[in-house]
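> Sharing a model prediction with you, sequence too.
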Amino acid sequence: MLKAFLSTSIRGAAFAAFFFVSCVSGEHGTNPPVSSEEWGWRSAGLTASGTDLSDNAGYQRITHVGLQIFAMDAKTVDGLRKYRMFTSRQGSMIWDTLWIPGKLAPYSWLPDSPFVYIGTQETGGIWRFDTRDQSWLDMNTGADSGFSVIGMAKFKGGIIASLASPDKEARPILWNATGKWIDVNSAGQFPLSRSFHTGIEYHGTFYAATYDTSVWAWTPSDAQWKKIQDPSSAFDTTKHDGRFPRSMAVFNDSLYVGFYNRTGVQKLVNGSSWVPVDSCYVYPKDGTTIALCKTPADAYTMTTWNNHLLVAGTWSAIPVVYMAPAQPKGWALLGGDTWKGGMGTTYDMTVVGDTLYTASWDAVWKYPLNQLDSSVTKYSAYPTIPSSSVLVSSASTASK
């Protein structure tokens, strides 16, 4: 997470102009050779340079509106972590840098066609980018300087956003469904340690993944934030830092949550209890034994496509697929032998048309989903797992 923030507060009127600067540093915009077989995983044209990676600037977020794709990395400049945005279109190998007016640093975003809303780092702002004419509009949150927009989600026709600052105890959660921002955490019921990173609407209730304080639920009717009971786990939570909800998806009318720190993928039942879909790694109290896991050890991201749930994360970064309703194979690797991302982390995924794009630290990869069903009949889920020493050493690369 951020250790320091920018200190400039930006207020201003709407901007009609936009700013694009072609990426000329590193390996952005390159066109690597493509196999004539056109099978499996391949580069989407965005690859981090060695300099970027040495600055801990891997790709951590990816989303889209229509055919326009947006990716974000984390660049360390003068000791401060600043995120940068890049944009392209489906099928293109060329990426451009996308600047918020005033070159404000982005932190989070929310696609809502034809717009993408971008929350800023340290200035507490939300800007709306119109993909039709490439224009910007300041949404005027009224938030104080020092706050970053940590997460955003759609809820009941509006936008709900969480803000946080390392220097302020208050954690505003702003909801705008009528054209006016209101703080729905003014009573301070939501945990002060951190606002939510991921949120989702499910059956009229807003569920928030706080990353380090479980899942919380909120409905406008009672205006109360309620903590959902943590899922049970077989590993020693005192040794391995508890269960951190990280990703969410609604799949077959059920809410699925992916957890960080080896709690696996869980399905919420009746809004109060959990059913493990994959219990993942198991640590006895002596920390010596690791049990087999079908999904990534840390489920950083989830998405759905054509009655499939896709999950990706850490060790290995290869997305895995859960097929339903027949589930003839359960979990299976997606194009395992063509994966180029190594054993690192896939932080985020998005489906653009018939193509899956991943933000996988050192590069953005893509996969043609018309090959999905034939692929999952070919690969088992996680035939091998890394040693515990790999798990420990790899954790240092995660910065989200």
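That came through, no problem. Since the model is a prediction, treat every value here as computed from it, not as a measurement.
> Can you list the neighbours in contact with stretch 108-118?
The set of residues external to stretch 108-118 that reach it, using Cβ atoms under 8 Å, 6 or more residues apart in numbering, is 61, 63-66, 70, 72, 85, 100, 106, 119, 126-132, 139, 149-154, 159, 161, 197. For the C-beta atoms, the positions are set from N, CA and C on the backbone; glycine is no exception.
> and that stretch, average pLDDT?
Mean per-residue pLDDT for stretch 108-118: 97.
> how close does Trp109 get to Tyr83?
Distance of Trp109 to Tyr83, computed by Cβ to Cβ, to the nearest Å: 10 Å.
> out of those two, which sits in the busier spot?
Counting neighbours by other Cβ atoms under 10 Å for Trp109 and for Tyr83 shows that Trp109 has the greater number, 24 against 21.
> show me where pLDDT drops low in the stretch 101-250 of the chain?
Low-confidence segments of the stretch 101-250 of the chain, defined by pLDDT under 70: 187-194, 211-212, 233-243.
> all helices for the chain, in order.
Assigned by DSSP state H, the helices in the chain fall at 50-54, 237-240, 372-376, 388-394.
> Comparing the ones you listed by mean pLDDT, which bottoms out?
helix 388-394 has the lowest average pLDDT among these, namely a mean of 32.
> Ala105 is in contact with Lys82, correct?
Yes. If you go by Cβ atoms under 8 Å, Lys82 and Ala105 touch, sitting 4.6 Å apart.
> can you pull the contacts of Ala143?
Neighbouring residues of Ala143 by Cβ under 8 Å, 6+ apart: 124-125, 149, 163, 172, 174.
> By neighbour count, which of these wins?
Val149 (30 neighbours).
> That one against Gly119, yeah?
Yes. Counting by Cβ under 8 Å, Val149 does reach Gly119; the two are 2.5 Å apart.
> so what's in contact with these two at the same time?
Counting by Cβ under 8 Å, 6+ apart, the shared contacts of Val149 and Gly119 are 107-108, 125-126, 161.
> which of these lies closest to Val321?
Proximity of the shared contacts of Val149 and Gly119 to Val321 (Cβ to Cβ) peaks at Ser108, which lies at 26.9 Å.
> how close does the closest one sit to Tyr322?
27 Å.
> cool, Gly157 as well?
30 Å.
> Over to Arg84?
When Arg84 is compared with Tyr322 (using Cβ to Cβ), they lie 33 Å apart.
> Neighbour count: these two, which is higher?
For Arg84 and Tyr322, the more surrounded residue by other Cβ under 10 Å is Tyr322, and the numbers stand at 26 against 19.
> Sketch out the low-pLDDT regions of the stretch 301-400 of the chain for me.
Residue ranges of the stretch 301-400 of the chain with pLDDT under 70: 315-316, 324-329, 380-400.
> re earlier: which neighbours do Trp109 and Tyr83 share?
61, 72.
> residues in contact with Ala161?
Counting by Cβ under 8 Å, 6+ apart, Ala161 touches 108, 110, 119, 126, 141, 149, 151-153, 173-176.
> ok, now Asp183?
172-174.
> from these, which is closest to Gln224?
Ile173 (12.8 Å).
> what's the burial count for the closest residue to the closest one other than its chain neighbours?
Nearest non-adjacent residue to Ile173, counting by Cβ to Cβ, 6 or more residues apart in numbering: Asn185, 4.0 Å away. Per other Cβ under 10 Å, the neighbour tally for Asn185 reads 21.
> from what I can see Asn185 touches Ala164, true?
No. Counting by Cβ under 8 Å, Ala164 is not a contact partner of Asn185; they are 11.0 Å apart.
> any residues in contact with both of those two?
Arg171.
> Distance check, the residue nearest to the spatial centre of the chain against Pro166.
The centroid of the chain falls nearest to Asp348 when counting by Cα atoms, centre = their mean (4.5 Å). When distance is defined by Cβ to Cβ, Asp348 is 24 Å away from Pro166.
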